[in-house]
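Chemist: My questions are about this predicted structure, shown below with the sequence.
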Amino acid sequence: MSVWDELGLTSGIEKPRRTRSTDKTQTWIKKFSDYLTEQKGLLKTVEQKPDQTKKTRGRRNKAHTFWSDEKKVFVFEPRYGTKQVNLQPGKNQITAATVDEMQARIDKLIQLTKNGDLNAALEEAATRKKEAAERGESPAPARTKPKA
């Protein structure tokens, strides 16, 4: 028996096509949970003063948490892509007095997401995101470098 026979060479067998069998809901849950975990990590940068923040090159992390001087609270606006997620009808922000309290509330939001309690809100945000993409709206204008 030759070495080539031992390899079991053949031809003519078609590679099966991959079909999308995953549920969109599971994709939304995973993406939103990852987003919330990232935002929880960025919370510490919100309480730093502007002169203490480091300037980094490359991809910019967008923190969707901010300090409201008017109300004296931290405010978090959860998003799915570029669209805000309406946690309840007409309510799309979470408030907390301290960073630790906000982290605890984001943990609860992650748990609600994994339990499937936010499926309707995520579906609605994903639909708005898809509709905006179909209309040709872009979240930010494209930048071009000037020619040297």
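Modeler: Sure, I can see it. Numbering: from 1, shown residues only.

Chemist: and residue 5, what is it in contact with?
Modeler: Contact analysis of residue 5 by CB atoms under 8 Å, 6 or more residues apart in numbering lists nothing. Quick note: C-beta positions are derived from backbone N, CA and C, even for glycine.

Chemist: count of residues packed around residue 110?
Modeler: As a burial measure, residue 110 scores 20 neighbours (other CB atoms under 10 Å).

Chemist: mind listing the helices for the protein?
Modeler: According to DSSP state H, the chain carries its helices in the segments 3-7, 24-46, 99-115, 119-135.

Chemist: How far off centre is stretch 122-131?
Modeler: For stretch 122-131, the separation from the chain centroid amounts to 13 Å (computed by CA atoms, centre = their mean, to the nearest Å).

Chemist: What are the buried residues along that stretch?
Modeler: 122, 125, 126, 128, 129 (16 or more other CB atoms under 10 Å).

Chemist: ok so, going back, include mean pLDDT and distance to residue 87 when you put the helices of the chain into JSON lines, please.
Modeler: As requested, these are exported to JSON lines (pLDDT from 0 to 100; distance: least, CB to CB, whole Å):
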{"stretch": "helix 3-7", "mean pLDDT": "75", "distance to residue 87": "58"}
{"stretch": "helix 24-46", "mean pLDDT": "83", "distance to residue 87": "11"}
{"stretch": "helix 99-115", "mean pLDDT": "89", "distance to residue 87": "8"}
{"stretch": "helix 119-135", "mean pLDDT": "83", "distance to residue 87": "6"}
